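Novice: Fold the following.
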Amino acid sequence: MLIRHIKELLYNNGYTIKGAKQKLSDEASDQETKSSSVSAIRSELESIIDLLD
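Specialist: Modelled structure (predicted):
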């Protein structure tokens with residue numbers, strides 16, 4: 001999957017190797033942000049469930 005994504009960035013989107021590396025880094029950073037948001041939402045929902053029990 002990662003190899004295909006790199007190939008797409010390089011050949012189809014015209015990224016340089018440096019640009020593709022930066023794009024992948026940015027995407028990983030975005031994923032971490034989303035993951036922490038999901039964790040916060042999950043924690044909040046668990047608190048609500050505890051209040052309801």
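Novice: Show me the residue at the heart of this protein, geometrically.
Specialist: Nearest to the centroid of the C-alpha atoms of the chain, with distances taken as C-alpha atoms, centre = their mean, sits residue 31, at 1.6 Å.
Novice: Residue 19: neighbouring residues, count only.
Specialist: 13 (other C-beta atoms under 10 Å). From N, CA and C alone the C-beta is placed, and that goes for glycine too.
Novice: max-length helix in this protein?
Specialist: Using DSSP state H, we find that the single longest helix of the chain is helix 17-52.
Novice: Check which helices and strands that helix is in contact with.
Specialist: Packing partners of helix 17-52 (3 or more C-beta pairs under 8 Å, 6 or more residues apart in numbering; DSSP states H and E): helix 2-7.
Novice: Show residues contacting the helix it packs on.
Specialist: Surrounding helix 2-7, the residues in contact under the criterion C-beta atoms under 8 Å, 6 or more residues apart in numbering are 20, 24.
Novice: Return the set of buried residues in that helix.
Specialist: Taking 16 or more other C-beta atoms under 10 Å as the neighbour-count basis, helix 2-7 is seen to contain the buried residues residue 6.
Novice: where does it sit relative to the chain's centre, distance-wise?
Specialist: 16 Å (C-alpha atoms, centre = their mean, to the nearest Å).
Novice: May I have it as CSV, with CA atoms only?
Specialist: Output of helix 2-7 as CSV, limited to C-alpha atoms (Å, rounded to 0.1, in the frame of the first residue of the first chain):
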residue,chain,number,x,y,z
LEU,A,2,2.7,2.5,0.9
ILE,A,3,4.8,1.6,-2.2
ARG,A,4,1.7,2.2,-4.4
HIS,A,5,1.1,5.6,-2.7
ILE,A,6,4.7,6.6,-3.2
LYS,A,7,4.6,5.5,-6.8
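Novice: Right, I'll call it a day here.
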